[in-house]
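**Student:** structure for this input, please:
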Amino acid sequence: MTSRWSFSKVSEMIAYKASMRGMRVVEVSEAYSSQRCHQCGKVSKANRRQRGLYACGCGWRTHADVNAAANLYERFAHVSPLKRS
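**Tutor:** This is a model prediction of the structure:
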């Protein structure tokens, strides 16, 4: 049952399997990724309006998980998967 696995154990398993395939694992801090607006950068807990909805005063509205994933991707790749270049 995966719900009983510790986060560190899952991370170790991912790193181990990746190394077997010659892949590198990069850890990225998830701090405030679900509270930070991906468009304007404002951090506000109130932007998580209801389960699944992220809405910022700047007009950015999306699923909360999409917003967080975009923030994490941008922290890793230093480029946004959603903003225009």
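**Student:** who's in contact with residue 28?
**Tutor:** 72, 75, 76 (CB atoms under 8 Å, 6 or more residues apart in numbering). To be clear about C-beta, it is placed using only N, CA and C from the backbone, and glycine gets the same treatment.
**Student:** swap in residue 65?
**Tutor:** Contacts of residue 65 were listed using CB under 8 Å, 6+ apart, and they are 34, 52.
**Student:** what about it, is that helix, strand or coil?
**Tutor:** Following DSSP: H, G, I helix; E, B strand; the rest coil, we place residue 65 in the helix state.
**Student:** per-residue confidence for it?
**Tutor:** In this model, residue 65 is scored at 93, pLDDT.
**Student:** quick check: it vs residue 71, distance?
**Tutor:** Counting by CB to CB, to the nearest Å, the gap between residue 65 and residue 71 amounts to 11 Å.
**Student:** any common contacting residues for the two?
**Tutor:** Common contact partners of residue 65 and residue 71 (CB under 8 Å, 6+ apart): residue 34.
**Student:** related to what we said a few turns ago, among the contacts of residue 28, which ones are in helices?
**Tutor:** Among these, the residues falling in helices (DSSP state H) are 72, 75, 76.
**Student:** could you find the closest non-adjacent residue to the last one?
**Tutor:** For residue 76, the nearest residue in space outside its immediate sequence neighbours is residue 28; the separation is 4.9 Å by CB to CB, 6 or more residues apart in numbering.
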